[in-house]
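>>> My questions concern the predicted model and sequence given below.
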Amino acid sequence: MKRQIIIFGILTLLIFSCQQVFADRQGFVRKVVIDPGHGGRDPGAVGAQAQEKDIVLAIALKLGEYIKQNFDDVEVIYTRTTDEFIPLIRRAQIANENKADLFISIHCNASRSGRAYGTETFVMGLHRSQENLEVAKKENAAILFEDDYLETYSGYDPNSPESNIIFSMFQNLYLHQSLTMASLIQDQFRERAGRHDRGVKQAGFLVLYNITMPGILVEAGFLSNPQEERYLMSEMGQAHIASAIFRAFRDYKTYQDNLASQGGRNGQRSPQPVVQQPPVREPVRETPATAATPAAPVISFRVQFATTSVERPVNAPEFRDLEGVSFYFHDGLFKYTLGNEPTLEAATLIQQKLHARGFRDAFIVAFRDNERISTAEALRLVNHALQTP
């Protein structure tokens with residue numbers, strides 16, 4: 001009986017939440033809500049010296065300042081600016097009441113193992129691994145600091161297997177935009193901040209499912225790892241993390257604003273004259289020149305999942321069951337990829353599938369006319385083409 005009540009309550013809550021979407025909002029990014037996780041009586045993850053609530057607040061305030069200094073047309077809204085406890089449902093309400101265009105929730109991770117390290121960014125969706133589920137349960141456990149949480153969250157209990165299974169079925173209506181922002185963040189963490197990239201992932205987070213705009217949850221590092229704890233406690237480390245998220249926001253805003261100016265609705269792309277998909281997915285060094293013109297270079301996105309110093313055939317045993325494997329030679333190494341996609345969103349879906357199959361370090365790489373460029377540069381080229389008549 002308890003199980004039936006839990007399932008009914010969660011399904012009712014999910015149906016209700018889906019009906020409150022700002023369906024007429026344009027894709028321009030003019031308001032961003034920055035959410036420092038935990039706070040007050042909820043310390044979050046606890047390291048040997050630091051508490052999550054303090055570190056994420058410092059990162060969030062730095063991020064907000066970077067945005068304010070660089071974008072006069074963006075309003076920055078915080079869910080908290082001091083060490084206070086804010087219920088998860090209230091954080092979503094703040095974003096919804098302000099009709100925000102993007103929601104960024106900042107957290108730190110923890111593990112039973114002191115060796116776990118690196119950054120990862122989550123979007124709302126299915127728990128594709130036990131590891132993802134454990135992260136979501138840890139963050140959702142913040143509701144245990146709230147009075148009457150079972151009533152507030154329609155029977156959701158972070159310790160209930162039924163709750164987490166049913167709850168994870170919710171799919172964010174803004175999944176593509178959320179995945180784009182998450183990929184840009186991980187790209188910046190890896191290539192500019194020099195952090196270990198644990199990938200873009202999906203899991204059921206209470207703080208994300210109730211929002212009515214694209215949203216992501218960042219895990220900036222592990223406080224259970226002594227080296228990362230020292231890094232995250234330092235002024236330099238906090239500045240690196242905040243500036244990486246800011247650069248991702250900058251590229252995301254430019255991308256979405258340009259799409260909106262071309263007539264897209266809700267961040268959905270209209271037909272793309274910019275990006276042409278090469279007809280054959282072959283290794284870069286073996287692929288003949290594609291049909292690009294000077295006015296419209298071919299921009300493509302692929303997912304890199306393996307690197308070797310000695311060339312391996314694309315049908316090698318270690319690549320079994322992977323269709324469309326290709327490789328390119330870069331910095332003295334052979335790098336193996338899946339996909340050759342015209343959009344970052346499409347490549348992100350391939351990345352998700354590779355992560356689910358055990359390729360935890362798979363990440364997105366971008367190309368211009370089969371020459372590798374940064375993901376940010378690829379999006380800038382896409383944006384420029386969108387602006388060109």
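On my side now, so go ahead.
>>> Now do the same contact list for Ala50.
Counting by C-beta atoms under 8 Å, 6 or more residues apart in numbering, Ala50 touches 223, 229, 232-233. Using the backbone N, CA and C atoms, a C-beta is placed for each residue, glycine as well.
>>> need the strands for this protein, in chain order.
Assigned by DSSP state E, the chain shows strands spanning 31-36, 75-78, 102-109, 119-124, 197-203, 215-222, 299-308, 325-330, 333-341, 363-368, 371-373.
>>> So which of those strands is nearest Phe189?
strand 119-124 (4.5 Å; C-beta to C-beta).
>>> Neighbours of Phe246, how many?
21 (other C-beta atoms under 10 Å).
>>> closest to Thr348 among the contacts of Ala50?
Of the contacts of Ala50, the one sitting nearest to Thr348 (C-beta to C-beta) turns out to be Leu232, at 26.3 Å.
>>> Can you give me the distance of the most centrally placed residue in the chain to Asp54?
In the chain, the residue lying closest to the centroid (C-alpha atoms, centre = their mean) is Ala182, at 2.0 Å. Distance of Ala182 to Asp54, computed by C-beta to C-beta, to the nearest Å: 24 Å.
>>> Same question for Glu75.
Going from Glu75 to Asp54 by C-beta to C-beta gives 25 Å.
>>> now Ser113
Distance, Ser113 to Asp54, by C-beta to C-beta: 23 Å.
>>> Name the residue in those two with the higher neighbour count.
Asp54 (18 against 10).
>>> So for that one, what's the nearest residue that isn't a sequence neighbour?
With C-beta to C-beta, 6 or more residues apart in numbering as the criterion, Asp54 has its nearest non-adjacent residue at 7.2 Å, and that residue is Asp83.
>>> cool, Ala110 as well?
In space, Ala110 is closest to Ala45, 3.7 Å off (C-beta to C-beta, 6+ apart).
>>> Also Phe246?
Closest to Phe246 by C-beta to C-beta, 6+ apart is Tyr66, at 4.1 Å.
>>> quick one on the thing from earlier: thought the residue nearest to Ala110 was touching Val56?
No - counting by C-beta atoms under 8 Å, Ala45 stays clear of Val56, with 9.5 Å between them.
>>> Overlap in contacts, those two.
Common neighbours of Ala45 and Val56 (C-beta under 8 Å, 6+ apart) are 107-108.
>>> for this protein, which spans come out with low pLDDT?
1-26, 125-173, 263-296, 383-384, 386-389 (pLDDT under 70).
>>> Would you map out the domains in it?
2-261, 284-387 (automatic domain parsing).
>>> now the first one, how far from the chain's geometric center?
The reference is to domain 2-261. When distances are taken as C-alpha atoms, centre = their mean, to the nearest Å, domain 2-261 is centred 9 Å away from the chain's centroid.
>>> and the angle for the longest helix anywhere in the chain with strand 31-36?
Using DSSP state H to define each element, the chain has its longest helix at helix 235-261. Here the directions of helix 235-261 and strand 31-36 differ by 150 degrees (axes from the mean of the first three to the mean of the last three C-alpha atoms, to 10 degrees).
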